[in-house]
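okay, sequence plus prediction incoming.
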Amino acid sequence: MKRLLLGVCVCLIALTLSIAGQPPQSTAARASGIDLAGMDKSVSPRADFYQYVNGTWLTKTPLPPDKPAYGAFDELFDAAERDIRSLIETAAAQKDSAPGTVPQQVGDFFESFMNERRVEELGLAPVKAHLDRIAAVKTMAEFSKVVGELSNIGISGVTGEYIAPDPKNPDANIVRISQGGTSLPQREYYLSADAKYVEIRAKYLDYLTKIFGLMGSQAAAADAKSVLGLETALAKVQWTPVESRDAIKTYNKVPVRNMNTEFPGFDWVEWARVQGYDKTPDVIVSQPSFLSGVGALATETPLDVWKAWLRSKIITSEGRLLSKPVVDANFEFFGRTLNGQPEQRERWKRGVALVQDRMSEAVGKLYVEKHFPPAAKGRMQAMVANLIEAYRQSISTLDWMTADTKKEALAKLAKFTTKIGYPDKFRSYSGLSIKNDDLVGNAERAAKFETDFEIAKLGRPVDRSLWLMAPQEVNAYYNPVQNEIVFPAAILQPPFFTFEADDAVNYGGIGAVIGHEIGHGFDDQGRHYDGDGRLRDWWTKADDEEFRKRAKMLVEQFDAFEPLPGLHVNGSLTLGENIGDLGGLSIAFKAYKVSLAGKPSPQIDGFTGEQRVFIGWAQAWRWKARDESMRVLVTSNPHAPPPYRGGNPPTNIDGFYEAFGVMPGDKMYRAPDQRVRIW
């Protein structure tokens with residue numbers, strides 16, 4: 001079982017995003033926090049604000065050949081990756097580290113990945129036992145058990161699962177089960193008749209044929225075709241991304257002992273038992289009809305097809321750990337075809353990513369000891385307090401919300417918990433066996449270690465000190481069930497947070513990110529949870545209707561954006577993040593104004609403080625992507641492409657019009673009654 005962030009509102013784009021924008025270098029740039037060299041002042045901010053702020057950067061910055069996309073987040077990611085590489089290589093060089101210590105574990109894990117000669121010698125030998133086990137399966141019941149056992153060591157199966165507080169009983173942990181089983185980004189990739197998707201399916205079939213050939217199949221093409229057929233059938237019974245966002249409809253509690261009768265055909269009870277899910281009486285099923293569909297397919301589809309599907313899952317899940325033919329096949333399809341990435345990432349980068357993935361907090365502990373200044377945490381805490389106060393003032397004066405709902409909203413706001421930088425106590429990895437010559441074994445043991453850690457939560461009180469992201473992740477999140485906002489150390493750098501800069505650009509950068517995460521507590525899904533993280537309806541009918549009316553306007557704004565011909569942003573899928581962006585920027589702007597205490601803002605580099613807030617916001621979202629990567633993002637990610645995140649929210653904020661003199665007739669102008677105002 002993987003430790004997933006399903007149900008958590010993540011600020012950034014995890015699927016395809018990397019990072020852009022050079023940190024300011026000149027004295028003036030450090031003072032204002034603005035990358036003046038990246039701006040294109042030949043464009044009017046009233047015509048295209050995003051291009052005005054980022055145009056020169058967009059023109060002059062090439063897409064790195066080993067990335068599907070590149071933007072401000074990627075630059076921070078690259079910097080953190082280099083820092084972590086140094087830490088890991090230092091650990092690997094310490095040959096006298098005691099067994100079981102973090103330096104030994106991290107160093108030997110990385111060394112096992114970097115030992116290409118050993119990896120090539122082994123070929124597919126590290127997964128042969130799994131393939132043999134699947135070959136020996138005789139019944140669907142036995143197959144169900146094997147799927148569960150392989151999930152324990154990181155092999156993806158028919159579902160994704162995670163353990164988290166129960167939304168209707170936030171003091172108790174529970175297993176949540178969501179749909180899975182497919183390898184393409186979204187059901188549309190299997191079901192659409194569009195020529196682009198037809199082409200991708202053909203190349204996916206080529207990939208499957210290739211890996212079955214590498215496994216020694218005598219009927220590789222037939223096996224590939226059967227797997228694509230099964231995954232297409234699974235895609236047909238999956239919910240859409242928009243449906244899967246619904247906090248109410250995805251809460252379906254089912255007793256573990258009843259799963260086989262609720263969803264007959266697949267042995268869910270045995271599948272759950274071998275993963276330890278029977279330690280709790282109930283599970284929450286996000287998409288019940290999908291589990292019913294799996295059961296029907298388990299009855300209708302020959303067992304040999306399911307076995308071929310599971311063999312393909314092993315090679316796909318562990319492809320980066322195996323010999324070059326598998327790695328190359330994996331990259332050719334998932335990297336080049338799906339995301340348009342011309343080149344494979346260097347091996348050391350893939351090794352760092354693997355160690356971080358499987359031992360995230362161990363690496364995080366090393367990272368913060370060297371790279372996170374304590375003073376940054378204090379300044380962040382002050383800014384969070386300012387943003388929460390600005391939200392309090394804004395909610396108190398909303399003209400569209402009734403007193404009863406305001407009271408509930410303010411009570412929820414008062415209960416927000418904030419985590420900044422890193423956990424107060426890092427996890428122990430004691431007992432995890434890592435060897436410098438056993439790459440696949442290391443990865444599987446680390447995955448099982450994580451599974452055991454998660455399963456141990458069942459039946460115990462919820463530990464609210466745990467983090468769902470490591471300190472070195474360039475990201476942030478809101479966890480609705482714990483009503484907490486979390487900001488890992490690595491995001492607290494330019495262009496989001498410039499310690500030496502004037503406050504205005506920081507309010508537009510990290511201040512708006514803080515506001516974004518607070519805003520998730522009040523977005524279209526987060527608003528269903530109260531201050532204790534409990535899923536309950538605390539809205540009056542009139543306020544609910546008014547919220548939906550305003551949210552619909554935002555959906556329509558984003559539906560109109562067309563990043564590729566015929567490919568529109570899905571305003572319903574991205575609604576939560578768009579509400580977070582709008583609330584985050586508007587409240588950050590208000591907080592900056594409050595921070596001035598009635599004094600005029602200072603002019604720096606020719607810009608007022610009010611202008612620098614909006615410039616800081618837009619430069620944090622500068623980003624460019626390959627068409628293939630853009631398609632993956634738009635069809636599957638709940639975040640709109642960064643250019644629209646950087647450019648659209650200001651058009652809904654009156655302060656933007658005042659700061660830049662935007663008037664009727666300007667392209668950036670929206671009439672007052674067309675501006676979305678929620679929080």
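Received, thanks.

now do the contacts for the closest residue to Glu454 other than its chain neighbours.
Excluding the flanking residues, the one nearest Glu454 by Cβ to Cβ, 6 or more residues apart in numbering is Ile163, at 4.7 Å. For glycine as for every other residue, the C-beta is placed from the backbone atoms N, C-alpha and C. Ile163 makes contacts with 1, 173-176, 454-455, 457-458, as judged by Cβ atoms under 8 Å, 6 or more residues apart in numbering.

same check, this time on Glu556
Neighbour list for Glu556: Gly571 [criterion: Cβ under 8 Å, 6+ apart].

how close does it get to Val569?
11 Å (Cβ to Cβ, to the nearest Å).

if we can go back for a sec, taking the contacts of Ile163 one by one, which sit in helices?
Residues of those located in helices (DSSP state H): 454-455.

now flag whichever of the contacts of Ile163 is closest to Ala91.
Glu454 (25.5 Å; Cβ to Cβ).

from what I can see that closest one touches Ala164, true?
No. Assessed by Cβ atoms under 8 Å, Glu454 is found out of contact with Ala164, at 9.4 Å.

which one's more surrounded, those two?
Taking other Cβ atoms under 10 Å, Glu454 and Ala164 do not tie; Ala164 has more neighbours (26 against 21).

and the more buried one, that's in a strand?
Yes. Under DSSP: H, G, I helix; E, B strand; the rest coil, Ala164 falls within a strand.

check contacts around it.
Contact analysis of Ala164 by Cβ under 8 Å, 6+ apart lists 7, 173-174, 176, 481.

what's the answer for Phe266, then?
Phe266 makes contact with 140, 144, 158, 291, 294-295, 298, according to Cβ under 8 Å, 6+ apart.

how about the residues you listed in JSON lines, adding neighbour count?
Below are the contacts of Phe266 laid out as JSON lines (neighbours: other Cβ atoms under 10 Å):
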{"residue": "Met140", "neighbour count": "17"}
{"residue": "Ser144", "neighbour count": "26"}
{"residue": "Val158", "neighbour count": "27"}
{"residue": "Leu291", "neighbour count": "26"}
{"residue": "Val294", "neighbour count": "24"}
{"residue": "Gly295", "neighbour count": "20"}
{"residue": "Ala298", "neighbour count": "20"}
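
between those residues, which sits nearest Glu262?
Nearest to Glu262 among those, with distances taken as Cβ to Cβ, is Leu291, at 7.7 Å.

list the contacts for Asp437?
Contact analysis of Asp437 by Cβ under 8 Å, 6+ apart lists 112, 115, 118.

isn't the second one up against Leu439?
Right, the one you point to is Asn115. Yes. Counting by Cβ under 8 Å, Asn115 touches Leu439, with 7.5 Å between them.

neighbour-wise, which of those two wins?
Taking neighbours as other Cβ under 10 Å, Asn115 and Leu439 compare with Leu439 leading, 25 against 16.

in terms of pLDDT, where does the more buried one sit?
pLDDT recorded at Leu439 is 98.

cool, and the one 3 residues further on?
The predicted structure scores Asn442 at 98 on the pLDDT scale.

so where do the strands sit in the chain?
9-10, 69-71, 159-166, 169-179, 253-255, 282-285, 417-421, 477-479, 484-488, 623-625 (DSSP state E).

what packs against the last one?
For strand 623-625, the contact count by 3 or more Cβ pairs under 8 Å, 6 or more residues apart in numbering; DSSP states H and E identifies strand 69-71, helix 642-647 as packing neighbours.

starting at the chain centroid, how far to the shortest one?
With Cα atoms, centre = their mean, to the nearest Å as the basis, strand 69-71 stands 15 Å off its chain's centre.

adjacent strands (with direction) for it?
Sheet pairing of strand 69-71 (DSSP bridges) gives strand 623-625 (antiparallel).

and the gap between the spatially closest residue to Trp539 that is not a sequence neighbour and Leu573?
Computed as Cβ to Cβ, 6+ apart, the closest residue to Trp539 that is not its neighbour in sequence is Thr405, at 5.5 Å. Remark: distance between Thr405 and Leu573 (Cβ to Cβ) = 26 Å.
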